[in-house]
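Participant: Pasting the sequence and the predicted model now:
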Amino acid sequence: MEWSIQEIARRAGTTSRTLRHYGDLGLLTPSRIGSNGYRYYDQDALVRLQRILLLRELGLSLAAIKDVLEGQRDTAVALRAHLRLLEQEQARIGRQIASVRTTLHKTREGMELMADEVFDGFDHTVYEQEVTERWGRDAYEEGDRWWRSLSAEGKKAFQDEHEAIARDYGRAREAGLAPDGAEAQDIARRHCAWLSSAKEPSRAYVIGLGAMYVADPRLAKNYDRHGDGTAAFVRDALTVYAERRLSD
């Protein structure tokens, strides 16, 4: 079977213009183009489009999605990986919903709030495997102890500061500033200062973390929601800052 570009756009909740843009970027090639110039898509194209849309939902930029698709030739393996990420995200959002409901109920009733309840679903431990594999078990456990030592107010302040940094990266990229320019480098300085709240970061740590911001969809979305390509901009700015300012 095959479907016209209009049919696919309607069923996928997108537009024909978007699908043509994906084609121009090499993300989604039509299975054939009719004599009338219309684009048609077969089942393989539908599966590829599903993968594109899933990665967009996870916050990846189009450039990052292209890299992912080119690196994952086995469709079944790729879809299983996407499914695991979606299930993890579903579970996290479910805990956040329950957390907000608990906070709302206890606030209305004048009951005492517990930090674990307030921050359930805002869980740093989902990155335990990545941190352990890249920097060792001691690094993860040290960071975990530091996070758990913070008060509820301290955790919120830490998260708010990161959100401000991510937002400023997005604005810098949108303004067309260079990652190695003065303004982007000042944001990178603030970013490294934020990271040093737990432990003074090394050059290798910051460069590796920047790479993870692009490679891991869960991390990339924290930046790319401030504009496509922001995660890559963060990686580049941090790499320059680390190479210029930090030691191993």
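Facilitator: Received, thanks.

Participant: So which bits of the host helix or strand of Thr18 are buried?
Facilitator: Per DSSP states H and E: Thr18 is located in helix 16-24. Across helix 16-24, burial judged by 16 or more other CB atoms under 10 Å covers Ser16, Leu19, Tyr22, Gly23. Yep, even glycine has a C-beta here, placed from its N, CA and C like the rest.

Participant: same check, this time on stretch 143-159
Facilitator: For stretch 143-159, using 16+ other CB under 10 Å, the buried residues are Gly143, Trp147, Leu150, Lys155, Phe158.

Participant: what's the answer for stretch 60-71, then?
Facilitator: Across stretch 60-71, burial judged by 16+ other CB under 10 Å covers Leu60, Ser61, Leu62, Ala63, Ala64, Ile65, Lys66, Val68, Leu69.

Participant: Going by distance to Val206, which of the residues you listed wins?
Facilitator: Ranked by distance to Val206 (CB to CB), these are led by Ala64 at 19.6 Å.

Participant: quick one: average confidence on the helix or strand the closest one falls within?
Facilitator: Following DSSP H and E, one finds Ala64 within helix 62-71. The predicted model gives helix 62-71 an average pLDDT of 79.

Participant: hey, which helix or strand in the chain has the poorest pLDDT?
Facilitator: helix 115-118 (a mean of 44; mean pLDDT, DSSP states H and E).

Participant: Now do the SS call for the spatially closest residue to Glu161 that is not a sequence neighbour.
Facilitator: The spatial neighbour of Glu161 that comes closest, neighbours along the chain excluded (CB to CB, 6 or more residues apart in numbering), is Trp194 at 5.5 Å. What DSSP: H, G, I helix; E, B strand; the rest coil gives for Trp194 is helix.
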